[in-house]
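Trainee: Got a predicted structure here, sequence first:
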Amino acid sequence: MRQNWWKFLTVFLLGYTFIGGLLFEVPRLNILNETIRALHFHVPMWFGMIILLSISVYYSINYLRKGSIETDHKAIEFANVGVVFGVFGILTGMFWAQFTWGAWWSGDPKQNASAIGLLIYFAYFVLRGSLENEEQRARISAVYNIFAFSALIPLLFILPRLTDSLHPGNGGNPGFNAYDMDSRLRLVFYPAVVAWTMLGVWIATVRFRIKRLESTHL
Amino acid sequence: MVLEFIKKELKIEWRNKYALNGILLYLVSTIFICYLSFNVKSNQLNVVTWNALFWIIILFASINAVAKSFIQEKQERLLYYYTIISPQALIFARIMYNALLLILVALLGFFFYSIILGNPVITTWLFLAIILLASVGFSSTLTLISAIASKAGNNQTLMAVLGFPIILPMLLMVIKVSKNAIDGLALSASLDELITLLAINIIVGAVSFLLFPYLWRS
């Protein structure tokens, strides 16, 4: 991951996302209208969060198997960036909901689930803060990270599907789902997901390298 | 081995009854406080409130009951277990034992709660089945959480902070299904939720089983 090409690609795709997401032609749908453009900025946050948190759990599992402190640092940095993505996901979602649903917070199952998911990771940070010994902190927080992530999956993927959601494409609301999303949207949406996720990975690797420098120089 | 360990736990519990009595007293006083605070006569509480209040009381009583399983354990006794029993057997026995304890707590809670605040439940057997599933689920989640919290400076607050977000999806499912049981809906209406609840229980149980050995080692 030391090469530069994927960073150039990230910048290029992000530029494309902003220009394409804001200026391209979008389908006219009831209620949504122009706010459909939030698709390129709000939804990739959740994709990015899930991917970054999965990477974090991957490193936590690796830590428990191999016990190298570097993997623990990677796990925490990916979790950090994942949570930042989650916060932005909630904020962009609230901003959008204020225009389409008429309220910042309407107790939609997906809103609640994402808030609970963030609580889990804040608890993870509190747990890390409360442990002094570095080796013990790494091990115990790895255990909690894996445990929390496996409890988060049913929350994010199963619970919202059992109840109707206000989200577009759910419960007969106008909009899109995996099968009838407009091809004009896809043209920007997929690159946007890739771009935002790569941006997250980039931030996490930079933070991880800063941490490594600090620990070798002090 | 596991059975003997559960038997031993039961014996210890029976010998110092003050711990068990403490939990039961906690349960009964909480119910009584709710009764006095709502200032209602029997059967006048709104069904939704009745349901939510019942499960919140059970949740807090469960956290208190399970917290003592690792947090109040003496260091010497843990060392002794370390020499005679495998971590998998220990966590399995603890989860089973805590499940029994929580079933007892929840059933007694249901009994007192019905006497004091009335009992609107129509499909009682379904409600009892939910109590069973919920107790097993709470037990498998909270047992591992209490093991984690016990490593982090024996902190009861930490136990609540770590446990709440993980247990929330389970709690929401339980509240939803038990509302169906109260309204006397047919089983088919709540089958999806029951299966999901069972699946969450299995996931959480399996993950704690896999992760506990790593906690145990430190």
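Mentor: Looks like it arrived, so ask away. Residues are numbered from 1 along each chain as shown, chains lettered A, B, ... in the order given.
Trainee: Every contact and neighbour count from this point should use C-alpha atoms.
Mentor: Fine.
Trainee: low-scoring stretches of the chain, by residue?
Mentor: Using chain A. Applying pLDDT under 70 to chain A picks out residues A:1-2, A:25-33, A:158-166, A:168-182, A:218.
Trainee: nope, chain B
Mentor: In chain B (pLDDT under 70), the answer is B:40-43, B:71-73, B:154, B:217-218.
Trainee: and it, which residues reach chain A?
Mentor: Within reach of chain A by CA under 8 Å from any CA of the partner chain, chain B has these residues: B:148, B:151-153, B:158, B:161-162, B:165-166, B:168-169, B:193, B:200, B:203-204, B:207-208, B:211, B:214-215, B:218.
Trainee: Of these, which qualify as buried by neighbour count?
Mentor: Among the residues of chain B next to chain A, the ones that count as buried by 16 or more other CA atoms under 10 Å in any protein chain shown are B:148, B:151-152, B:158, B:161-162, B:165-166, B:168-169, B:193, B:200, B:203-204, B:207-208, B:211, B:215.
Trainee: Residue A:167: how many residues sit nearby?
Mentor: Using other CA atoms under 10 Å in any protein chain shown, residue A:167 has 18 other residues around it.
Trainee: in the chain, which spans are helices?
Mentor: Chain wasn't specified; assuming chain A. Under the criterion DSSP state H, chain A contains helices at A:5-23, A:43-66, A:69-100, A:109-129, A:134-157, A:159-162, A:183-217.
Trainee: sorry, should have said chain B
Mentor: B:2-15, B:17-38, B:47-70, B:75-84, B:87-117, B:124-151, B:156-183, B:187-217.
Trainee: Just say which of the ones you listed is most tucked in.
Mentor: Ranked by mean neighbour count, the helices of chain B are led by helix B:124-151 with a mean of 23 (mean count of other CA atoms under 10 Å in any protein chain shown).
Trainee: could you say what helices and strands that one packs with?
Mentor: Contacting helix B:124-151 under the criterion 3 or more CA pairs under 8 Å, 6 or more residues apart in numbering or on different chains; DSSP states H and E are the following elements: helix A:134-157, helix B:47-70, helix B:87-117, helix B:156-183, helix B:187-217.
Trainee: could those be laid out in TSV, adding distance to residue B:79?
Mentor: Formatted as TSV, those follow (distance: least, CA to CA, whole Å):
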stretch	distance to residue B:79
helix A:134-157	17
helix B:47-70	12
helix B:87-117	12
helix B:156-183	22
helix B:187-217	10
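Trainee: out of these, nearest to residue A:188?
Mentor: Of all the helices and strands packed on helix B:124-151, it is helix A:134-157 that lies closest to residue A:188, at 24.2 Å by CA to CA.
Trainee: in the closest one, what counts as buried?
Mentor: Neighbour counts using 16+ other CA under 10 Å place A:136-152, A:154-156 of helix A:134-157 among the buried residues.
Trainee: in terms of contact, does residue B:62 touch residue B:138 like I think?
Mentor: Yes: if you go by CA atoms under 8 Å, residue B:62 and residue B:138 touch, sitting 7.3 Å apart.
Trainee: Residue B:48 is in contact with residue B:179, correct?
Mentor: Yes: judged on CA under 8 Å, residue B:179 makes contact with residue B:48 at a distance of 7.3 Å.
Trainee: out of the helices and strands packed on helix B:124-151, which comes closest to residue B:30?
Mentor: Closest of the helices and strands packed on helix B:124-151 to residue B:30 is helix B:47-70, at 7.0 Å (criterion: CA to CA).
Trainee: Please save the CA atoms from that closest one in CSV.
Mentor: Output of helix B:47-70 as CSV, limited to C-alpha atoms (Å, rounded to 0.1, in the frame of the first residue of the first chain):
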residue,chain,number,x,y,z
VAL,B,47,-49.8,-2.2,27.7
VAL,B,48,-46.8,-0.7,25.9
THR,B,49,-45.5,0.9,29.1
TRP,B,50,-46.1,-2.3,31.0
ASN,B,51,-44.1,-4.3,28.5
ALA,B,52,-41.2,-1.8,28.2
LEU,B,53,-41.0,-1.3,32.0
PHE,B,54,-41.0,-5.0,32.7
TRP,B,55,-38.0,-5.6,30.3
ILE,B,56,-36.1,-2.7,31.6
ILE,B,57,-36.4,-3.9,35.1
ILE,B,58,-35.3,-7.4,34.0
LEU,B,59,-32.4,-6.0,32.1
PHE,B,60,-31.1,-4.1,35.1
ALA,B,61,-31.6,-7.0,37.5
SER,B,62,-29.8,-9.3,35.0
ILE,B,63,-26.8,-6.9,34.7
ASN,B,64,-26.6,-6.9,38.5
ALA,B,65,-27.0,-10.7,38.8
VAL,B,66,-24.3,-11.5,36.1
ALA,B,67,-21.9,-8.8,37.2
LYS,B,68,-20.9,-10.8,40.2
SER,B,69,-19.9,-13.8,38.2
PHE,B,70,-16.5,-12.5,37.3
